[in-house]
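> please find the sequence and the predicted model below.
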Amino acid sequence: MANRRLFENLGLSNITVQRYRVTLAVLSVGLISGFLLSPKLWLTERTFPHLPVFGALRPFPAPWDSVWIWGMGVCLLFLILYPRRIITIFLILCMLILAFQDQMRLQPWYYQYWLMLIPCTLTAWPVHEGRAKSILRVQQIILIGVYLWGGLHKAHPGFIEMYVEVLMRPLIEAIENESLIKMIKASAYIVPPFEVLLAIFLVFRRTRQMGVLMALATHLIIFIILGPLKEEYSNSIVWPWNLAMVGFLFSLFFRNSDTIAFKLSFDLRTLVSVLLSSVVIVAPLLFYVGKWDRYLSFNLYSARQRKLYVKIDPLTLPKTPPNWTDHFFKIPDPKGHKVLSVSRWSLSELNVPLITEKRTLRAVCEEIATYDESGFGMLFLIEYPRMKHRGNALFYSRDIDSVEIP
């Protein structure tokens, strides 16, 4: 009797509640790992510009920025051992404040974890089986949305080009067999429908196990392409997210025969569940009319990202921060100009990709232009490397407010 009560207090009385606890643990470890791998993204002292949603909502000054992050880390550890609703609500609000203070923090993994925490606020502890099922159902839909849109966004020629020339280039260069190289190049056409199909397979009970296997294969390939052994192509910030997605596959889908469906009712839990599902499944459509962010649409490695470069003349160069030299292209210019890659700067200092929405690019340009007193010392270029038909924008510092960003 005592052992049974202990298990009930820990929330381990049945398999559904165990799935819920494991999902929370994976989420917490994934978020903590993201914090540890991108420390300057969360701290105020750095050279890369902060991009607050509102000018008055600036990042916390030191040392309170560190206190805030460490406090969240402690709460995430408590969430693993002591999953109370008040802790979840606190974390959701903290994450929201951090994102409003700096839009560079709106990375897709951060957004996904935030969405997955929200349904956990709809039940008290100890959670019973029925409530756990309803929470897991919403989290399942969130993961399905990630895979579904991850595949749909790749269905265009630019992705095929990037897949062959960037993602698969190290593998192609290491292989001498022409037939094998052709197979690797041809696999680019399989990736988008493969991801969409695995998302559909995860929905239905009869095909769910196949969907899990397909997703596991996808994450293995991602880790091979972007893992720690790939050096210049490596992207460490996606490593814990990649592993967390594998953990979610096991906790939410593996040998889970529950139907993914909502009962018709108008209570708060159902309304929140439907709203979250709509945000993940329907809202990404708005990306194609410019009303929803690329990363909030799970538009990942799809070759739809803009790039920002800044050409700096020799007279303006001495006024710029010394650490910018680490992010210049190593191309000699007889006139002494230097070209700053803002994407490289973001990855190098913050260890996350640049958020390339129109509003964030304009804000970054404005911050960089503060070092250009003449208004003509910096020439900015915004382009789509893999989508040339979208055009580009070429402008000087003085024209930032009026330029039309493609």
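Ah, there it is.
> rest of the way, CA atoms for contacts and neighbours
OK.
> where does the protein dip in pLDDT?
Across the chain, residues meeting the criterion (pLDDT under 70) sit at 1-13, 124, 227-234, 262-266.
> domain parsing of it, as residue ranges.
2-297, 307-399 (automatic domain parsing).
> need those in a markdown table (columns: distance to residue 405 and mean neighbour count).
A markdown table is the format used below for these (distance: least, Cα to Cα, whole Å; neighbours: other Cα atoms under 10 Å):
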| stretch | distance to residue 405 | mean neighbour count |
| --- | --- | --- |
| domain 2-297 | 12 | 17 |
| domain 307-399 | 6 | 17 |
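> let me know which of those is the nearest to residue 406.
Nearest to residue 406, of all the domains of the chain, is domain 307-399, at 6.0 Å by Cα to Cα.
> measure the closest one end to end?
End-to-end distance for domain 307-399: 18 Å, by Cα to Cα, to the nearest Å.
> check the offset of that domain from the chain's centre.
Taking Cα atoms, centre = their mean, to the nearest Å, one finds domain 307-399 lying 23 Å from the centre of the chain it belongs to.
> where do the helices of the stretch 151-300 of the chain begin and end?
Using DSSP state H, counting those that start in this stretch, the helices of the stretch 151-300 of the chain run over 157-162, 169-174, 178-186, 191-203, 208-226, 238-248, 268-281.
> ranges for the strands of the stretch 251-400 of the chain?
Using DSSP state E, counting those that start in this stretch, the strands of the stretch 251-400 of the chain run over 307-312, 338-341, 378-383, 392-396.
> nearest to residue 365, of the ones you listed?
Judging these by Cα to Cα, what sits closest to residue 365 is strand 378-383, at 7.8 Å.
> what packs against the closest one?
strand 307-312, strand 392-396 (3 or more Cα pairs under 8 Å, 6 or more residues apart in numbering; DSSP states H and E).
> what residues are up against residue 273?
If you count contacts by Cα atoms under 8 Å, 6 or more residues apart in numbering, residue 273 has them with 119, 138.
> list the residues that contact residue 364.
Taking Cα under 8 Å, 6+ apart, one finds 49, 51 in contact with residue 364.
> as CSV, the helices and strands packed on strand 378-383 with distance to residue 39 would be great.
CSV is the format used below for these (distance: least, Cα to Cα, whole Å):
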stretch, distance to residue 39
strand 307-312, 23
strand 392-396, 32
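> residue 75 is nearest to which of the ones you listed?
Of all the helices and strands packed on strand 378-383, strand 307-312 sits nearest to residue 75, with 36.6 Å by Cα to Cα.
> other SSEs contacting that closest one?
strand 338-341, helix 342-349, strand 378-383.
> any chance of these in JSON lines with distance to residue 74 as columns?
What follows is the helices and strands packed on strand 307-312, written out as JSON lines (distance: least, Cα to Cα, whole Å):
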{"stretch": "strand 338-341", "distance to residue 74": "36"}
{"stretch": "helix 342-349", "distance to residue 74": "25"}
{"stretch": "strand 378-383", "distance to residue 74": "40"}
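> for residue 215, find the nearest of these.
With Cα to Cα, the closest approach to residue 215 among the helices and strands packed on strand 307-312 belongs to helix 342-349: 26.7 Å.
> which strands and helices sit next to the closest one?
With contacts taken as 3+ Cα pairs under 8 Å, 6+ apart, helix 342-349 sits against strand 307-312.
> quick one, the strand it packs on and strand 392-396 angle?
30 degrees (axes from the mean of the first three to the mean of the last three Cα atoms, to 10 degrees).
> what does strand 307-312 contact?
With Cα under 8 Å, 6+ apart, strand 307-312 has contacts from 337-343, 356, 361, 377-385.
> for residue 392, which non-adjacent residue is spatially closest?
The shortest distance from residue 392 to any non-neighbouring residue, by Cα to Cα, 6 or more residues apart in numbering, is to residue 383 (4.4 Å).
> oh, I was asking about residue 261
residue 137 (7.6 Å).
> just the element for that neighbour, please.
When elements are assigned from DSSP states H and E, residue 137 belongs to helix 129-152.
> now what about that helix, what contacts it?
For helix 129-152, contacts defined as Cα under 8 Å, 6+ apart pick out 14, 16-17, 19-20, 112, 115-116, 119-120, 123, 191-200, 202-203, 252-253, 260-261, 273, 276-277, 280-281, 284, 297-300, 302.
> please redo it, this time with the cut-off set to 6 Å
Residues from elsewhere that reach helix 129-152 (Cα atoms under 6 Å, 6 or more residues apart in numbering): 17, 116, 119, 192, 195-196, 199, 260, 273, 280-281, 298-299.
> now for those residues: which two are most distant?
Using Cα to Cα, the contacts of helix 129-152 reach their maximum pairwise distance at 17 and 192, which is 34.0 Å.
> list of residues touching stretch 326-345?
308, 309, 310, 311, 312, 313, 314, 354.
> quick one: end-to-end length of it, please.
Start-to-end, stretch 326-345 (Cα to Cα) is 8 Å.
> repeat for stretch 378-388
Across stretch 378-388, first to last residue, Cα to Cα, it's 23 Å.
> again with stretch 161-180
OK, stretch 161-180 end separation, Cα to Cα: 18 Å.
> again, but for stretch 119-130
One end of stretch 119-130 sits 13 Å from the other (Cα to Cα).
> how about the nearest residue to residue 404, chain neighbours excluded?
residue 393 (7.1 Å).
> what's the separation between the one you found and residue 310?
12 Å.
> ok, and the closest non-adjacent residue to residue 365?
Leaving out its chain neighbours, the residue that sits closest to residue 365 by Cα to Cα, 6+ apart is residue 400, at 7.1 Å.
> how many neighbouring residues does the one you found have?
Residue crowding around residue 400 was assessed by other Cα atoms under 10 Å; the count is 19.
> and it, its phi and psi?
For residue 400, the backbone dihedrals are phi -60, psi -40 (criterion: degrees, to the nearest 10).
> just the one 3 residues further on next, same as before
Main-chain dihedrals, residue 403, degrees, to the nearest 10: phi -70, psi 140.
> can you tell me how far it is from residue 274?
39 Å.
> which residues touch the residue nearest to residue 392?
Contact analysis of residue 383 by Cα under 6 Å, 6+ apart lists 306, 307, 392.
> apply 8 Å and report the result again.
Residue 383 is in contact with 306, 307, 308, 390, 391, 392, 393, 406, counting by Cα under 8 Å, 6+ apart.
> sounds good, over and out.
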